[in-house]
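> Sequence and predicted model, in that order:
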Amino acid sequence: METERPYFDPEIETMPRDQIEALQFPALKRVIELAYEKAGLVRKKWDEAGVKPSDINSLADFSRLVPFITKDDIRDYRAETGDPFGGILCVPTSELRSISGSSGTTGDPTLLARRDLHGPQADSRFDRCLWDLGIRPGEYAVTINPTIRGSTLTPLLQFGVTPLCFDHTPAEIGRLVETCRVYRPTVLMALSTPLLMGLEQFEIDTGIDLAEVFSSCKAVIWGGEPLGPRGRSLTERWKMNIIEILSLGDATITLEAANHTGAYAWEDEVFVEHIDPDTGLPVPDGTFGELVATPLQNTVDPLIRFRSEDLVWLTREKCPSGRTHARFRVRGRAGDQILVAGKQLLPISIWPTIESQPESKAGLFQIVRPKSPEDFLRLRVGYADNPDLASLEERLKAEIRSQLGIESQLELVPNDELLKLGPPHKIPRIVKLQDPAPMAIPKIGFVGLGQMGARMAARLVDAEINLSVFDLDEAAVERLTSMGATAGNSPLAIADTCEIVLCSLPRPEIVETVLLGAGGILHGSAVKIVVDLSTTGSVVSARVAMALAQNGIVLIDAPVSGGVSAAEAGTLTLMIAGPAEARAAIEPVLRLLGSNLFVIGDEPGLGQKMKLVNNMLCAANAVATFEALVIGVKGGLDAETMLDVINVSSGRSFISTDKVPQCVMPRTFPPRFATELLLKDTKLGVSEALANDAPLWMMNATLDFLGQAIGECDPAADYATLIQYFERRAGVEVSAHQGETANV
């Protein structure tokens, strides 16, 4: 064999297009006749479509008349009949010599059967790809194979290279490096995300020059999923020539061309189509569409017109290498597209945002697909080591907002937890949002059913949690029991039956009484964790935590922010402080209440400090905004115009974007957060500042104003009514239909 010739099989690889197509139909006819006779799913689909093999007299007839087969079709047939091959096997199982499968990252794996000893990739098409890459018989090849789709040993042996075999695990990295130094292989197949992570850590730990280690490799095969931007930069630094290995619609696998113009679809072995994923109609060459494949030589388990869900760019133009077969590039999977805030996203769009942070640089993430489109992106993101999770979440959200222009809700999990989901060279990148399952904890208690507490408790009942509730307001208790909660007759009764008790109470002294007083939660026989959602200040929180700890009860300090609308929607912000083990135990419960969970620290009281900083700022913003709007109206400005300007300018705040438009402008002042509670929180915040010898100017002024203004308003009314204090003195009204009046 001449090692310098450009093609392994010149006649086939450079065959004119008309001759390729002339070869395809006779082979296709044989396969479809066999499949219709032997494969139950194929016959079922064709009979439903009213099509028989005798109706197919050309490639055009095939594309026009024959129904598609999807992975769901195979899974449904398997579920209906118990046939593990999903109705595509055409030979008796006694004739099979090997069974492998697809990776199964989008569901149950598709079984791939053979009645000879080599897999589908061991035919001439694999030889063609290796030859194109400059690999020649007699050389060494590293094979790191997770056994998905069968072993790569056979095609390497058939081609004439000597395999150097490794398990697909980062534990093999040291042996891999030493072997490459000794044997100088010319190809490595196949690298994956977990192995890339292992190589990077090995380089950090040892200082070994990986560019030198792999310098003999003419090609490093990458498989399983796309190589993210950061992974690409690593392999470039190691001077690796990355070549993708790709599935060709589960009909076979193939390799990217050496000139990186796409992967070859060897059309003497596969009939490829290229369709609009929505209409199923053909799309032009050189555009993106869904890949559909039908094998032309597989007589064991042929998938006829199989919709791969791969979104590909495909062309049949002659390759610069002189090869005439179709080439394609995979952009993503049709099933992986997700609509967020009107934008179509694929995992590859999100990859750079996750890789941007050191703790999540491995690029391990999953898109959590909701049942219907949402205006934010749900992600599970893997992290390494023991980072500050609150900081990581904030940075990732900012990066997603900057790069993609959308908001996000993140669940941060250790990298190892995500890697366990893989097969093992990749992880499923799309998972469905599951309905919340009933909690494994026998019962949860909830004490305090006011404006916020009632809505949070309702969220838990809706999630089918076994909930016991208590409040002095019997009507509030009845509303919850009518939804499915049970009623406790005291805080102690709740603590005697519930391992976790949540409290949402209006004042620090009430919190202390409910938790520590006679008949309080402290004395309960079942309670192990108390979650205080109230705003009490750090002094009370620390005192309560110490008292509870003496009875073996852990306090989680978790004040909330966001108001009643966020409490109803489950989008509250929670500022959580307490021991890590207890935090982990109650996190699933808290995620039903809030979409923004911030771990402030391990010490109860830190959450209170964070909440008071937020609420002091809210109070100061409210007072300043109300005063400024009244000044503007008094000066002749239109209130609605002022808000339009402010809300796209530097004066914007929650008060201007939400409180004023929703409560002040329509003059409804719905009860959301009482003025007396805002005053209470500001007092607590000022006390915290004084205790820490922090300087006070604006907060003292805000507190003085609140103390004075509350004497002229209903303390129980929403703090939006504070604007009336300014209005009365100015003789104006800030509203959607404003006007100056002396009787305001």
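It's in. Small disclaimer: the values here were computed from a predicted structure and weren't measured.

> mind checking how far stretch 543-559 is from the chain centre?
When distances are taken as Cα atoms, centre = their mean, to the nearest Å, stretch 543-559 is centred 34 Å away from the chain's centroid.

> Repeat that for stretch 17-37.
The mean C-alpha position of stretch 17-37 is separated from the chain mean by 42 Å, Cα atoms, centre = their mean.

> residues of it that come out buried?
Neighbour-count burial for stretch 17-37 flags 20, 24-25, 27-29, 31-32, 34-36 (criterion: 16 or more other Cβ atoms under 10 Å). Bear in mind the C-beta positions are built from the backbone N, C-alpha and C, glycine included.

> now, which of these sits nearest F376?
A35 (45.0 Å; Cβ to Cβ).

> Hmm, D714 is touching T675, no?
Yes: using Cβ atoms under 8 Å, D714 makes contact with T675 at a distance of 7.4 Å.

> the more surrounded of those two?
When D714 and T675 are compared for neighbours, T675 comes out ahead with 21 against 13, by other Cβ atoms under 10 Å.

> Could you tell me what pLDDT the model assigned to that one?
In this prediction, T675 carries a pLDDT score of 89.

> wait, it sits on Q724?
No: taking Cβ under 8 Å as the definition, T675 is not a contact partner of Q724, at 10.8 Å.

> Mind listing the shared neighbours of these two?
C713 (Cβ atoms under 8 Å, 6 or more residues apart in numbering).

> Spatially central residue in this structure, please.
Geometric centre of the chain, nearest residue: L379, 2.2 Å, by Cα atoms, centre = their mean.

> which SS state does that one fall under?
strand (DSSP: H, G, I helix; E, B strand; the rest coil).

> shouldn't it be in contact with V413?
No: using Cβ under 8 Å, L379 is not in contact with V413, being 10.5 Å away.

> and L516, how many neighbours?
Neighbours of L516 (other Cβ under 10 Å): 16.

> Might one say that it is in contact with A547?
Yes: applying Cβ under 8 Å as the test, L516 and A547 come out as touching, 5.2 Å apart.

> hey, what's in contact with both of those two?
L522.

> Remind me which helix or strand N298 belongs to.
Under the criterion DSSP states H and E, no helix or strand holds N298.

> Per the annotation, how does the protein divide into domains?
With domains defined by automatic domain parsing, the chain comprises 13-94+261-334, 118-247, 337-426, 444-604, 611-730.

> Could you dump those into TSV with distance to K432 added?
Shown next, in TSV, are the domains of the chain (distance: least, Cβ to Cβ, whole Å):
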stretch	distance to K432
domain 13-94+261-334	14
domain 118-247	19
domain 337-426	5
domain 444-604	17
domain 611-730	32
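
> next helix or strand past the top helix by length along the chain?
Counting residues, the longest helix in the chain under DSSP state H turns out to be helix 606-634. Going down the chain from helix 606-634, the next helix or strand is helix 639-646, by DSSP H and E.

> That next one: which residues count as buried?
Using 16+ other Cβ under 10 Å as the test for burial, helix 639-646 gives 639, 642-643, 646.

> burial of A689, as a residue count?
Residues near A689, counting by other Cβ under 10 Å: 17.

> wait, isn't it in contact with M699?
Yes: A689 lies in contact with M699 (Cβ under 8 Å); the separation is 6.6 Å.

> Pull the contacting residues for G601.
Counting by Cβ under 8 Å, 6+ apart, G601 touches 577, 607.

> per-residue pLDDT, it?
pLDDT, G601: 91.

> Phi and psi next, for it.
Backbone torsions for G601, taken as degrees, to the nearest 10, come to phi 170, psi -180.
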